[in-house]
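*Asks:* this one's structure only:
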């Protein structure tokens, strides 16, 4: 059964507005809500810094809802030590009564790293850190005691107590890199997510993921596959939401009539999507989201 979710940006909004949006999303029948992990807005501009912090908002999401899965797509490995992140996500799982998911990725928003003096090594090192970090997270979130000795992270008889409510809290990997990201997902992830790709591109990357699973001896059915899409019933809405990025994200945006959007969803499902998330950012167009929910029969 396909899950439909909403991925809510934390830029140019308030905690009160987010709580209202999350409750509305849950009432509309969606089964998942996630937050992103940024310190600045998504424009990449050095003066666009109006963005709420992700761990705090992930916790607020857990406390503001009662039914949806509460996810993150995805935490940057460069911003928090994986042990600190594991402790935070464990608390969020307890706050939500066992509804938390978490994602991890290599990070990309260099404007944030530079502004705060956070090291931003080359992509190979960031991917190496992600591969070590997810192993630390798996141990801390899934096992009673963890030992891990890597280049970047070191755990010795590490415990994460009290334990999460879930015996195996799901860990997602985000991104579409076929050589490293999908390989890491195949080996260690419970879920994989990629944003703003067309159904055929999603199917192609999912096939690469499955080939990596075969290489590492993993059943690909153990990994949930999700795509983040935009939602724009008109070209004007697309440009209003994404500005200069509109053309780049357009292949992964649901647009047109209700029937065309439902058909496009069907293409993603046929391509292997277990989950389709609508990427939503302020100003939040809840009318379009309600229209989408009605067209899919979610409520």
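*Replies:* Looks like it came in fine. In this text the structure is predicted, and so the values were computed from the model without any measurement. Numbers count the residues shown, from 1 in each chain.
*Asks:* helices and strands of the chain: which one has the lowest mean pLDDT?
*Replies:* Sorting the helices and strands of the chain by mean pLDDT, DSSP states H and E puts helix 235-242 at the bottom, at a mean of 84.
*Asks:* pull the residues that contact that helix.
*Replies:* With C-beta atoms under 8 Å, 6 or more residues apart in numbering as the contact definition, helix 235-242 has outside contacts at 230, 232, 246, 249-250, 253, 255, 281, 285, 288. Bear in mind the C-beta positions are built from the backbone N, C-alpha and C, glycine included.
*Asks:* and the residue nearest the centre of the chain, how far from residue 152?
*Replies:* Centre of the chain computed as the mean C-alpha position; nearest residue by C-alpha atoms, centre = their mean is residue 73, 1.7 Å away. Counting by C-beta to C-beta, to the nearest Å, the separation of residue 73 from residue 152 is 22 Å.
*Asks:* equivalent analysis for residue 243, please.
*Replies:* For residue 243, the distance to residue 152 under the criterion C-beta to C-beta works out to 36 Å.
*Asks:* ditto for residue 222
*Replies:* As for residue 222, its distance to residue 152 is 26 Å (criterion: C-beta to C-beta).
*Asks:* same check, this time on residue 244
*Replies:* According to C-beta to C-beta, residue 244 stands 34 Å off from residue 152.
*Asks:* those two - which one has more neighbours?
*Replies:* For residue 244 and residue 152, the more surrounded residue by other C-beta atoms under 10 Å is residue 152, and the numbers stand at 16 against 9.
*Asks:* show me what contacts that one?
*Replies:* 128-129, 132-133.
*Asks:* let me know the average pLDDT across the top helix by length along the chain.
*Replies:* For the chain, the longest helix by residue count, based on DSSP state H, is helix 123-142. The predicted model assigns helix 123-142 a mean pLDDT of 98.
*Asks:* could you identify the helix or strand that succeeds that helix?
*Replies:* strand 146-149 (DSSP states H and E).
*Asks:* show me what that following strand pairs with in its sheet, parallel or antiparallel.
*Replies:* Under the criterion DSSP bridges, strand 146-149 sits next to strand 154-158 (antiparallel) in its sheet.
*Asks:* quick one: the strands in the stretch 101-250 of the chain, in order.
*Replies:* Ranges of strands in the stretch 101-250 of the chain, per DSSP state E, counting those that start in this stretch, are 102-105, 146-149, 154-158, 171-174, 191-195, 224-232.
*Asks:* reformat those into TSV and put mean neighbour count, distance to residue 9 and mean pLDDT next to each item.
*Replies:* What follows is the strands of the stretch 101-250 of the chain, written out as TSV (neighbours: other C-beta atoms under 10 Å; distance: least, C-beta to C-beta, whole Å; pLDDT from 0 to 100):
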stretch	mean neighbour count	distance to residue 9	mean pLDDT
strand 102-105	28	15	98
strand 146-149	15	33	98
strand 154-158	13	32	98
strand 171-174	26	14	98
strand 191-195	23	12	98
strand 224-232	23	11	97
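*Asks:* reformat the ones you listed as JSON lines; add distance to residue 38.
*Replies:* As requested, these are arranged in JSON lines below (distance: least, C-beta to C-beta, whole Å):
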{"stretch": "strand 102-105", "distance to residue 38": "12"}
{"stretch": "strand 146-149", "distance to residue 38": "27"}
{"stretch": "strand 154-158", "distance to residue 38": "27"}
{"stretch": "strand 171-174", "distance to residue 38": "13"}
{"stretch": "strand 191-195", "distance to residue 38": "13"}
{"stretch": "strand 224-232", "distance to residue 38": "14"}
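*Asks:* of all the ones you listed, which one is nearest residue 8?
*Replies:* With C-beta to C-beta as the criterion, residue 8 lies closest to strand 224-232 of those, at 11.0 Å.
*Asks:* for the closest one, packing partners?
*Replies:* In terms of contacts (3 or more C-beta pairs under 8 Å, 6 or more residues apart in numbering; DSSP states H and E), strand 224-232 is packed against strand 3-8, strand 191-195, helix 199-216, helix 235-242, strand 253-255, helix 258-270, strand 275-280, helix 286-296.
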